[in-house]
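[1] Got a sequence here, can you model it:
(one chain, ligands or ions: 1)
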Amino acid sequence: MSASNFDVIVIGAGITGLTAAKHTTQQGLATASIEALLFGGLVININELDPAPPGGHVSGTDLASNLMLEITELGAATLSETVTALARDGDFLSVVTDAGQHRARAVIVASGAKLKRLGIPGEAEFEHKGVSQCADCDGPMYKDEDVVVVGGGDSALQEALVLANYCRRVHLVHRGARFRARRHLIDAVAARANIRPVWNTVAEEVLGAQMVNKVRVRNVGSGQTTEIPCAGLFAYIGLAPDCAFAPPEVKRDADGFLVTDTSLQTAMAGVFAAGAVRSGYGGMLTDAVAEAETAAAAACARLGKR
Ligand code: NAP
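    As a prediction, this is how the structure comes out:
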């Protein structure tokens, strides 16, 4: 089992983690960026960032790749490992991964969140056979087809708009009577003739043969069930935090997101949290960057750096 020591370990290499790692390496701190999956996080699924970052429109992949290049050039260690545990180890913090154990004097948890699943029959069975959670990647496969999108927040509406560029019709199934998304997304959806809101309705089952061919839905008021013929189902019903490795000492809110103070330090001294894994995260890319900078500044201050 390999062991290595750093000043700072950043867990997660989405935009939040990469931004935090950039700041700590710029301050001369030996930094490791650990990521289990693809560097870049959820943002790499997005072709056009909203709002656009300073400097104009770039894709999520470009933004993440540029940050990755920057932290590598600054000298951060980039480790493709899965973090399984975080614990105190004397004056250090120990980060255990599937490849070994690392130690640091400060840890920034930026492990983000995963899109939640509906948990209905057929969802797992038809994964990659019509069930998807990436409209930008899979949208072109549904050209001139009908699809169902579930949810009423920013993600559902944003992704419905992407799918509407390809699909014959997007059935936007929402359990409520109004969307909670930002106004400009609601207006954009209302202006698209091929997006059909289906109010007060939940998805109950994904049906098909080799591939999805319909979704059974139920009106929550009348209880009536109907089937929507479609080739795909995209659920955007919110996020679940990705932080099972953090010990109970790191306090969570009722939904499992990590609780921090104003410097973004968690209840475990020396452990900071930023971005989608954090309770109270604003949800915008600008919030992710601002939180990364705050957590990195607090970690630097703890280690005696400006
Ligand atoms: P969200 O804001 O939590 O919305 C989830 C939606 O799914 C809600 O409309 C909710 O209904 C519905 N829902 C939840 N559980 C459900 C279930 N079991 N069955 C059916 N419907 C269910 O999640 P989100 O849209 O993924 O957004 C998450 C965060 O990311 C937000 O802060 C958002 O602003 C942010 N975001 C930002 C951008 C951007 O930067 N441009 C893009 C996308 C998202 P109710 O309304 O009835 O509760």
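[2] contacts and neighbour counts: CA atoms only from here.
    Noted.
[3] could you give me the average pLDDT of the lengthiest helix in the chain?
    In the chain, assigned by DSSP state H, the helix with the most residues is helix 285-302. In this model, helix 285-302 carries a mean pLDDT of 96.
[4] Flag every buried residue along that helix.
    285-300 (16 or more other Cα atoms under 10 Å).
[5] Out of those residues, which comes closest to the ligand?
    Nearest to the ligand out of the buried residues of helix 285-302 is residue 285 (Cα to the nearest ligand atom; 5.1 Å).
[6] Would you check how far apart the closest one and residue 41 are?
    Residue 285 is 12 Å from residue 41, where distance means Cα to Cα, to the nearest Å.
[7] who touches both of these two?
    Listed as contacting both residue 285 and residue 41 by Cα atoms under 8 Å, 6 or more residues apart in numbering are residue 15.
[8] residues from the stretch 1-150 of the chain in reach of the ligand?
    Residues of the stretch 1-150 of the chain lying close to the ligand by Cα under 6 Å from any ligand atom are 50, 118.
[9] show me the contacts for residue 208.
    Each residue near residue 208 by Cα under 8 Å, 6+ apart is listed here: residue 214.
[10] now the strands for the stretch 151-300 of the chain?
    Assigned by DSSP state E, counting those that start in this stretch, the strands in the stretch 151-300 of the chain fall at 169-173, 195-198, 201-208, 212-219, 225-229, 232-235, 239-241, 271-273.
[11] Tell me who's in contact with the nearest residue to residue 26 once chain neighbours are set aside.
    Nearest-residue entry for residue 26: residue 74, 6.9 Å, with adjacent residues in sequence omitted and distances by Cα to Cα, 6 or more residues apart in numbering. Shown in contact with residue 74 (Cα under 8 Å, 6+ apart): 22, 25, 26.
[12] In three-state terms, label the second one for me.
    Pointing back at residue 25 there. Judged by DSSP: H, G, I helix; E, B strand; the rest coil, the three-state class of residue 25 is helix.
[13] Now distance to residue 11, pLDDT and neighbour count too, for the contacts of residue 74, in CSV please.
    Listed next are the contacts of residue 74 as CSV, based on distance: Cα to Cα, whole Å; pLDDT from 0 to 100; neighbours: other Cα atoms under 10 Å:
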residue, distance to residue 11, pLDDT, neighbour count
22, 13, 98, 25
25, 15, 98, 24
26, 18, 97, 15
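[14] now, among those, which is nearest to residue 245?
    residue 22 (23.4 Å; Cα to Cα).
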